[in-house]
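1. okay, sequence plus prediction incoming.
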Amino acid sequence: MAIPAAFEVGEQCPACFHRLAVGLFEWHRPCPRCSYEGSTLRVDIDVHGGAEVVDETLREEGLEHLRQRNFQQLEAELAARVPSTGHPRPTLLDVGCAHGWFLQASSAHFQGTGIEPDARVAAAAAARGVDVRKGFFPDVLGSGERFDVIVFNDVLEHIPDVGAALRACHQHLRPGGWVVVNAPARTGVLYRISRWIARLGMPASFNRMWQQGFPSPHVHYLDDASIGAIAAHAGLRVAAISSLPSISSHGLYARIRADRSVSFVKAAGVTVILTLAGPLMRFLPADIKVWWLQAER
Ligand SMILES: [Zn+2]
């Protein structure tokens, strides 16, 4: 399917190009024709480093352990798919590399380069010896630069023009190269529960799932079908799908309890359901999926 000339980011479905509808809230944009869900929430990244920002290291300290474990798992899967003879190592581009944790976790196998738009975060990564370029993907790449792997770790769901981002990946990949998209899934149990309780009049968890009010909110909730369609428009195919343990299952519970607009009866009901569901979580649809997209050889 050709991309319509008048494609409007945030108003048209990037998977099937149908006009998006207004969903549960004024900013929520589900597609009436396919399974894609988007938002009109917009990113406000500190590109110049002048603003006082939340201390991300402090905020995410509790997630550090699980994040490192997920990165190790991801690196092992990636190394199995992209063998290395050692000289030279395969090249990897980490889009939105933040502090460079994944680049460091994968440095034994891959020669990594990061791109990070937040000036302070990019400076911190560079100070730790990470090869990082400050700016946006793909603007900071040379037109002829090609990589074996391009990774989006919790990044693609923040990029408004997801179609353009994947087309740029295709342009900067070697033949047979991989795009690794690690993102929250629309089909995940936490997203479904949050949407369900938002319909019951408790929007806090749903808002938090979209990171509404954060400097970098979510613009998309993708699933196997929608990422498959968006990838196909960019000349990429979904070659494999895996999942990672969720980093937010405890967070959802806490967020429900923290929402002061929730009545005691509602909060108690949802809390009981979630407490009973807790041990079942790992058998339920994954909240974080990894879509392995491959360019033609
Ligand atoms: Zn659609």
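-> All right, it came through fine. Numbering: from 1, shown residues only.
2. so for stretch 216-232, what gets flagged as buried?
-> By neighbour count on 16 or more other C-beta atoms under 10 Å, the buried set for stretch 216-232 is 216-223, 225-231. Heads up, the C-betas are built off the backbone N, CA and C, glycines and all.
3. taking the residues you listed one by one, which sit in strands?
-> Here DSSP state E is the test, and those give 220-221 as lying in strands.
4. which strands or helices does the longest helix that the chain contains pack on?
-> Longest helix in the chain, counting residues (DSSP state H): helix 64-81. If you count contacts as 3 or more C-beta pairs under 8 Å, 6 or more residues apart in numbering; DSSP states H and E, helix 64-81 packs onto helix 101-105, strand 147-153, strand 173-184, strand 236-244, strand 288-295.
5. what's the first helix or strand after the longest one?
-> Sequence-wise, the next helix or strand downstream of strand 173-184 (DSSP states H and E) is helix 189-199.
6. ok so residue 38 is a helix residue?
-> No - with DSSP: H, G, I helix; E, B strand; the rest coil as the criterion, residue 38 is assigned strand and is not in a helix.
7. and the residue nearest to it when sequence neighbours are not counted, which of the three is it?
-> With C-beta to C-beta, 6 or more residues apart in numbering as the criterion, residue 38 has its nearest non-adjacent residue at 4.3 Å, and that residue is residue 29. Classification of residue 29 using three-state DSSP returns strand.
8. my guess is residue 29 meets residue 10, correct?
-> Yes - applying C-beta atoms under 8 Å, one finds residue 29 in contact with residue 10, separated by 6.8 Å.
9. got any residues that touch both of the two?
-> 20, 38-40 (C-beta atoms under 8 Å, 6 or more residues apart in numbering).
10. which of those residues sits closest to the ion?
-> Proximity of the shared contacts of residue 29 and residue 10 to the ion was ranked by C-beta to the ion; the top entry is residue 20 with 7.6 Å.
11. for that closest one, grab the count of nearby residues.
-> 22 (other C-beta atoms under 10 Å).
12. so who does it touch?
-> Counting by C-beta under 8 Å, 6+ apart, residue 20 makes contact with 10-13, 29-32, 36, 38.
13. show me where the stretch 1-150 of the chain has strands.
-> For the stretch 1-150 of the chain, strands defined by DSSP state E, counting those that start in this stretch occupy the ranges 28-30, 37-39, 91-95, 111-116, 132-134, 147-153.
14. show me which positions of the last one end up buried.
-> Pointing back at strand 147-153 there. By neighbour count on 16+ other C-beta under 10 Å, the buried set for strand 147-153 is 147-153.
15. which pair in these spans the largest distance?
-> Within the buried residues of strand 147-153, 148 and 153 form the most distant pair, 16.6 Å apart (C-beta to C-beta).
16. once you drop chain neighbours, what's closest to residue 240?
-> residue 292 is the one closest to residue 240 (C-beta to C-beta, 6+ apart), at 4.1 Å.
17. who's in contact with that neighbour?
-> Applying C-beta under 8 Å, 6+ apart, one finds that residue 292 lies in contact with 81, 178-180, 238-242.
18. of those - the most surrounded one?
-> The residue in the contacts of residue 292 with the most neighbours, by other C-beta under 10 Å, is residue 179 (28 neighbours).
19. could you find the closest non-adjacent residue to that residue?
-> residue 293 is the one closest to residue 179 (C-beta to C-beta, 6+ apart), at 4.1 Å.
20. neighbours of that neighbour, just the number please.
-> 27.
21. for it, what are its contacts?
-> Residue 293 makes contact with 166, 169, 178-181, 227, 231, 236-239, according to C-beta under 8 Å, 6+ apart.
22. mind redoing it with 10 Å?
-> 150, 152, 166, 169-170, 173, 177-181, 227-228, 230-232, 234-240 (C-beta atoms under 10 Å, 6 or more residues apart in numbering).
23. distance of the closest residue to the ion within the stretch 151-297 of the chain relative to residue 10?
-> Nearest to the ion in the stretch 151-297 of the chain, going by C-beta to the ion, is residue 226, at a distance of 7.0 Å. Note on residue 226: its distance to residue 10, by C-beta to C-beta, to the nearest Å, is 15 Å.
24. same question, residue 182
-> 23 Å.
25. please say which of those two ends up with more neighbours.
-> Here residue 182 and residue 10 are compared on neighbour count by other C-beta under 10 Å; more neighbours surround residue 182, at 23 against 16.
26. wait, that one sits on residue 289?
-> Yes - applying C-beta atoms under 10 Å, one finds residue 182 in contact with residue 289, separated by 7.6 Å.
27. joint contacts of those two?
-> With contacts taken as C-beta under 10 Å, 6+ apart, residue 182 and residue 289 have 242-244 as neighbours in common.
28. of all these, which comes closest to residue 117?
-> residue 244 (23.7 Å).
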